[in-house]
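Chemist: the amino acid sequence is not available; the structure is as follows:
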């Protein structure tokens with residue numbers, strides 16, 4: 001990753017780009033890499049910040065006066081006669097200062113005939129409108145696996161007796177740190193050493209926990225450790241078969257065979273049929289980290305801030321990859337309205353481009369309840385490997401859902417009349433069946449903590465008004481979408497032109513899972 005950044009940076013210098021904006025939170029690492037590039041190109045390197053002024057980082061000429069004033073520092077850069085790269089660390093804090101902004105533009109233009117370039121390091125790519133035409137934006141990616149391995153090697157080189165890791169254990173430690181910055185990984189490794197004086201495989205869990213907290217602080221991603229297994233999802237047999245078939249798609253053997261890594265799936269359907277649960281189940285089934293993208297947290301008030309947050313979140317997902325990236329209710333997250341000056345369209349376009357062009361093994365699971373709210377460009381092939389529809393559960397699936405939730409609450413399904421419950425729950429989604437069991441348990445608990453019975457659950461079902469009744473028109477519209485052949489059922493295969501199975505028409509209902 002660092003080498004790729006340096007190659008791009010050096011290409012910009014050779015092509016006489018005079019204003020480079022390096023977007024990163026890793027200021028120290030960015031300065032180090034720029035210094036290395038200057039050394040290879042035979043250019044001097046100077047750094048300016050608002051506290052220390054101008055300082056010489058490479059080369060033989062003495063430092064000038066501190067030059068803490070940004071205008072004076074820019075004038076000094078403008079007068080450079082030798083090949084020099086000037087790194088300005090805090091200049092983005094002055095984006096709104098009209099005099100500084102004007103001087104920056106003027107110096108960038110003047111340096112086209114001089115051997116110097118300006119580099120501004122900043123944590124966001126939200127540039128002033130006036131600088132868009134002058135600046136070349138480079139993004140410093142998070143450290144790669146090999147870079148983290150090198151960092152761990154540096155930290156442990158002088159203390160080999162305190163490292164109790166097999167080669168596989170060392171690989172797992174480094175894998176646990178993927179998605180961290182260089183400084184965050186260094187601190188995580190050092191803290192793991194400080195706990196008991198040794199670095200061993202028991203520290204993998206603490207490093208993973210630290211990474212979860214770092215990802216959470218970023219506010220746009222949430223790190224999950226899902227416990228849901230494939231047995232916790234009732235029904236959806238076709239979807240489960242599809243997932244099992246692609247379970248090995250991230251391995252080296254699949255790559256050598258010529259198989260592309262799975263891109264992702266879109267889960268459509270009726271609310272409460274288990275779409276969110278399925279996202280968690282996939283991560284557990286494939287033993288991959290699960291990241292949930294909080295689309296609401298992507299939007300900021302500054303021009304360009306929302307798009308930049310989106311890119312940063314996706315960059316973290318790529319750094320942690322292989323992983324599952326979960327976007328819940330995507331039709332609500334990226335509503336393409338007209339009252340936000342086009343921000344939602346730009347954020348959505350950023351996500352679509354990433355979905356199409358990504359090379360990192362990030363398997364995206366998007367869920368949606370409102371089919372009409374999805375734009376056509378999201379649905380086309382190439383964005384997802386498959387689009388699955390989760391319908392109302394069939395009788396067999398409802399039986400499985402009852403079994404799942406009874407076992408989850410330490411009840412044996414054999415002790416209940418499942419045939420009766422399946423018949424009385426026609427038209428109910430998994431979430432409604434679960435709630436009926438919970439309601440029945442509350443009733444039996446309040447009556448002297450007696451054991452819950454089939455009658456209790458059946459009564460709880462009758463008290464509910466299922467979604468298929470209260471939202472009949474919406475459910476019918478969704479199911480017509482499946483019947484028209486625009487998605488694959490998650491539960492059963494059928495010929496393209498055939499009708500839904502008899503059990504899936506209103507009255508007997510159709511396929512889905514528990515919630």
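Modeler: Perfect, I can see it now. Bear in mind the structure is a predicted one, so any value in this text is a computation, not a measurement. Residues are numbered from 1 along each chain as shown.
Chemist: which parts of the stretch 301-450 of the chain are strands?
Modeler: With DSSP state E, counting those that start in this stretch as the criterion, the stretch 301-450 of the chain has strands at 323-327, 362-368, 386-390.
Chemist: can you add mean neighbour count, mean pLDDT and distance to residue 20 and give those back as JSON lines?
Modeler: (Each C-beta comes from the backbone N, C-alpha and C, glycine too.) Below are the strands of the stretch 301-450 of the chain laid out as JSON lines (neighbours: other Cβ atoms under 10 Å; pLDDT from 0 to 100; distance: least, Cβ to Cβ, whole Å):
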{"stretch": "strand 323-327", "mean neighbour count": "25", "mean pLDDT": "91", "distance to residue 20": "30"}
{"stretch": "strand 362-368", "mean neighbour count": "25", "mean pLDDT": "92", "distance to residue 20": "28"}
{"stretch": "strand 386-390", "mean neighbour count": "24", "mean pLDDT": "91", "distance to residue 20": "42"}
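Chemist: could I get the full set of helices for the stretch 151-300 of the chain?
Modeler: Per DSSP state H, counting those that start in this stretch, the stretch 151-300 of the chain carries helices over the ranges 167-176, 182-196, 203-217, 237-245, 252-257, 275-286.
Chemist: ranking the ones you listed by burial, who's on top?
Modeler: Mean neighbour count, computed with mean count of other Cβ atoms under 10 Å, is highest for helix 275-286 among these, reaching a mean of 23.
Chemist: what about the protein, any weak spots by pLDDT?
Modeler: 59-65, 218-219, 300-304, 333-341, 493-515 (pLDDT under 70).
Chemist: got the domain boundaries for it?
Modeler: 2-139, 145-217, 230-390, 395-426+430-465 (automatic domain parsing).
Chemist: give me the distance between residue 153 and residue 174.
Modeler: As judged by Cβ to Cβ, to the nearest Å, residue 153 and residue 174 stand 10 Å apart.
Chemist: one step back: reformat the strands of the stretch 301-450 of the chain into JSON lines and put distance to residue 259 next to each item.
Modeler: JSON lines is the format used below for the strands of the stretch 301-450 of the chain (distance: least, Cβ to Cβ, whole Å):
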{"stretch": "strand 323-327", "distance to residue 259": "18"}
{"stretch": "strand 362-368", "distance to residue 259": "14"}
{"stretch": "strand 386-390", "distance to residue 259": "15"}
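Chemist: centre of the chain to the edge, which residue is at the far end?
Modeler: Largest separation from the mean C-alpha position in the chain: residue 448, at 47.3 Å (Cα atoms, centre = their mean).
Chemist: ok, that residue - contacts?
Modeler: Not one residue lies near residue 448 by Cβ atoms under 8 Å, 6 or more residues apart in numbering.
Chemist: without its sequence neighbours, what residue ends up closest to residue 308?
Modeler: Distances taken as Cβ to Cβ, 6 or more residues apart in numbering put residue 125 closest to residue 308, at 4.6 Å, once the chain neighbours are dropped.
Chemist: surely the one you found meets residue 140?
Modeler: No. Using Cβ atoms under 8 Å, residue 125 is not in contact with residue 140, being 11.5 Å away.
Chemist: of all the helices of the stretch 151-300 of the chain, which one is nearest residue 428?
Modeler: Counting by Cβ to Cβ, residue 428 lies closest to helix 275-286 out of the helices of the stretch 151-300 of the chain; the figure is 15.9 Å.
Chemist: show me what the closest one is packed against.
Modeler: Here helix 275-286 touches helix 237-245, strand 264-269, strand 290-293, strand 323-327, strand 362-368, going by 3 or more Cβ pairs under 8 Å, 6 or more residues apart in numbering; DSSP states H and E.
Chemist: who wins for proximity to residue 83 among those?
Modeler: strand 362-368 (39.9 Å).
Chemist: perfect, that will be all.
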